[in-house]
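*Asks:* below is the sequence, then the predicted model.
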Amino acid sequence: MAALIQVSRLHKQYGPRVLFDEAEVVISENQKFGVVGRNGAGKSTLFNIITGKEQADSGEVWLSPDLRLSYLEQKDTHLPGETVLEFLMRTTEQEDWRCGKVAGKFQIKNELLETKIDDLAGGFRMRVKLSAMMLHDPNLLLLDEPTNYLDLKTLLLLEDFLRGFNGAALIISHDREFLMRTTTHTLEVDNKEIASFPGTIDQYLTYKDEVREQIQRQNENIEARKKELQAFVDRFKAKASKASQAQSKMKQIAKLQTTDMAGPARKVRMRLPPPAKKGGIALTCKNLEIGYGKTIIADKIDFTLPRGGHFAILGDNGQGKSTFLKTIAGAIPELGGEVRWGSETKIGYYAQHVYETLEGHENILTYLEKKSPSSTTRQEVMNMAGAFLFQGDDTKKEISVLSGGERSRVLLLGLLLSRCDVLLLDEPTNHLDFETVEILAEALRDFGGTVFFVSHDRTFVDAVATGILEVKDGDIRLYNGTYEEYVYNLSQQIAEEQSSDSKKDKKKAKDAEVVPTEEVAVEQKGNSKNDKKARDKELKALQKRHAALAKEIEALQTEQKTLLAAVEKNPDQVSRTDYDRLGEIARLLESQEAEWLSLSERLEIDKEMVRK
């Protein structure tokens, strides 16, 4: 595969903070990478350097002459009052029929094309941006948190599109399920480096755990050996007859060095302060109407929910999920009906953009201790802060200097520490990396209080939700089924809509068919010859790749046997680089053997077709 981007010896820092130091990575055709790393590690900065929005301090970023790059912008770039079709035609310089055809793949059709973008919900705005990207005919996509604020239906459409996209992609996301379904490779930005791995995010994390365990065992063996040698030295160093041996042992001790394990252990647990144990009813809604001013978004809402439930609020963007959450939180008044909480209920509410209200010169630790009950120890506060990536001196940072994402994490932490009976959370995962999302999900799953939350991160929802409130077509009801069933039914609905659209397109094409003229028939015959040449060329390329893979697999197996023999013979002398290479070889063999088998089957089919 030809390289599209090659980053060499990259160095980038802001003041004393170094993001990249001699970092290197190669992105080739058709590789789809999930880009992961802790918040602030440099993922978005890497994208900005690739696109030229920022300059590296040193190093080189080589872009192939064949590169056609499209970058998904988080900010809106449409003009005031601009319709979808007008925006697509202006920004891509394509004709209206082509803009409509591409937008149709994201279910933007008919009257939606003439709708003003200002009037669209966030999920549909994202579909418009994706349509604009594809109209540029890219062979590499850069997507920075594309799932933020997306409704589940748009997210499923995006997944389906990315799986079928015939090109390369770099995708930053905290949604592990999304990365598993859309990427085949992993990039981790961490510790001033860019680590590339030929496997999914799950395979990469498993590999990292295995490497950590290998290093830990190796370090334990080295420490045991050093202790054994030191005991000999301590016992015999004063004896003249053993002095030379003791000196030799001391030299051996000096040579035995343990390997540093970069970064903290991946798995961190967080325990939320338990609420007071109460049974009974958490929330009752009676003939509730929600909305703004005179605009009713949903009405006739009637249900009673028990304490201790964890309810995911799901539905398309613009249907009223956040409005419902704001209403039951008391942030906006109900338009009619009644919202009634259980007795002696302490409610904590986290809104999407509430971080903008957090100001002040106090530091993080002081703020969190102020939000915590007096019985909470400083160590408990520090442990919670550490789980949210505020470790050591980070807790001494003043709130006034924090980024928006950091302020969001501080606010969420303060809420979680406040020992509420009920937590109302609107998109709580949007400013967290995926590891912190999973830590929070585990903590909420074990939380004994009541939780209502809006999220489209499937890993998070699946871990936390015990019930579902579906917001749809002006109604909010308790969904009778599991989250897995909800996602499956929505996927089936999308598939049926796409199938129906495909049938309509085929019917239009059939109605437009005409009998070929003599000139067209001649042209079709010529095309048939060209198709045969193209097939022959493709077959030769497949055979060449098949043979090359066999040689590569044989070379890797030979290297693997050599390294394994060295490990078995003298594990103490095997370097970390060798252990890393063993893991890499195992992954490469798995992927290359799978590709070799796939090519073997395809070549066999081609042979059968030739015989016939």
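*Replies:* All right, it came through fine. Numbers count the residues shown, from 1 in each chain.

*Asks:* list the contacts of the nearest residue to residue 383 once chain neighbours are set aside.
*Replies:* Spatially, and ignoring its direct neighbours in sequence, residue 383 is nearest to residue 270 (7.4 Å; C-beta to C-beta, 6 or more residues apart in numbering). C-beta here means a position set from N, CA and C on the backbone, and glycine is covered the same way. Counting by C-beta atoms under 8 Å, 6 or more residues apart in numbering, residue 270 touches 383-384, 387-388, 439-440, 442-443.

*Asks:* quick one, helices of the stretch 101-250 of the chain?
*Replies:* 122-134, 152-164, 176-182, 201-236, 243-255 (DSSP state H, counting those that start in this stretch).

*Asks:* looking at those helices, which is closest to residue 323?
*Replies:* With C-beta to C-beta as the criterion, residue 323 lies closest to helix 122-134 of the helices of the stretch 101-250 of the chain, at 13.7 Å.

*Asks:* in terms of secondary structure, what does that closest one contact?
*Replies:* In terms of contacts (3 or more C-beta pairs under 8 Å, 6 or more residues apart in numbering; DSSP states H and E), helix 122-134 is packed against strand 69-72, helix 84-92, helix 96-104, helix 152-164.

*Asks:* may I see the ChimeraX selection of the buried members of the contacts of residue 270?
*Replies:* Listed next is the ChimeraX selection for buried residues among the contacts of residue 270, using 16 or more other C-beta atoms under 10 Å:
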select :384,387,388,439,440,442,443
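
*Asks:* out of the contacts of residue 270, who's nearest residue 118?
*Replies:* residue 440 (33.4 Å).

*Asks:* angle of the helix or strand where that closest one lies against helix 201-236?
*Replies:* Assigned by DSSP states H and E, residue 440 belongs to helix 434-445. Helix 434-445 and helix 201-236 are oriented at 100 degrees to each other (axes from the mean of the first three to the mean of the last three C-alpha atoms, to 10 degrees).

*Asks:* show me how far helix 434-445 is from its chain's centre.
*Replies:* Distance of helix 434-445 from the chain centroid (C-alpha atoms, centre = their mean, to the nearest Å) equals 14 Å.

*Asks:* what's that helix packed up against?
*Replies:* Counting by 3+ C-beta pairs under 8 Å, 6+ apart, helix 434-445 packs on helix 176-182, helix 378-387, helix 458-464.

*Asks:* what angle sits between the helix or strand following it and helix 434-445?
*Replies:* Toward the C-terminus, helix 434-445 is succeeded by strand 450-454 as the next helix or strand (DSSP H and E). Calculated by the same axes, to 10 degrees, strand 450-454 forms an angle of 140 degrees with helix 434-445.

*Asks:* pLDDT weak spots in the stretch 401-550 of the chain?
*Replies:* 501-535 (pLDDT under 70).

*Asks:* which stretches of it form strands?
*Replies:* Here the stretch 401-550 of the chain has its strands, by DSSP state E, counting those that start in this stretch, at 422-426, 450-454, 467-472, 475-478.

*Asks:* check this protein and tell me which residue is nearest its centre.
*Replies:* By C-alpha atoms, centre = their mean, the mean C-alpha position of the chain lies nearest to residue 173, the distance being 2.5 Å.

*Asks:* in a markdown table: the helices of the stretch 101-250 of the chain, plus mean pLDDT.
*Replies:* Output for the helices of the stretch 101-250 of the chain, formatted as a markdown table (pLDDT from 0 to 100):
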| stretch | mean pLDDT |
| --- | --- |
| helix 122-134 | 85 |
| helix 152-164 | 87 |
| helix 176-182 | 91 |
| helix 201-236 | 83 |
| helix 243-255 | 80 |
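
*Asks:* relative to residue 491, which of these is closest?
*Replies:* helix 152-164 (5.8 Å).

*Asks:* mind giving me the packing neighbours of that closest one?
*Replies:* helix 122-134, helix 176-182, helix 483-511.

*Asks:* and the shortest one, what other elements does it pack with?
*Replies:* Read that as helix 176-182. Going by 3+ C-beta pairs under 8 Å, 6+ apart, helix 176-182 lies up against strand 32-36, helix 152-164, strand 168-172, helix 201-236, helix 434-445, helix 458-464.

*Asks:* with distance to residue 332 added, can I get those in TSV?
*Replies:* Shown next, in TSV, are these (distance: least, C-beta to C-beta, whole Å):
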stretch	distance to residue 332
strand 32-36	37
helix 152-164	24
strand 168-172	33
helix 201-236	38
helix 434-445	25
helix 458-464	24
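
*Asks:* relative to residue 297, which of those is closest?
*Replies:* Short answer: helix 152-164, nearest of the helices and strands packed on helix 176-182 by C-beta to C-beta, at 17.9 Å.

*Asks:* angle of the closest one against helix 122-134?
*Replies:* 20 degrees.

*Asks:* and the helices of the stretch 101-250 of the chain as TSV, adding mean neighbour count and distance to residue 85?
*Replies:* Shown next, in TSV, are the helices of the stretch 101-250 of the chain (neighbours: other C-beta atoms under 10 Å; distance: least, C-beta to C-beta, whole Å):
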stretch	mean neighbour count	distance to residue 85
helix 122-134	22	10
helix 152-164	19	19
helix 176-182	21	28
helix 201-236	15	37
helix 243-255	13	71
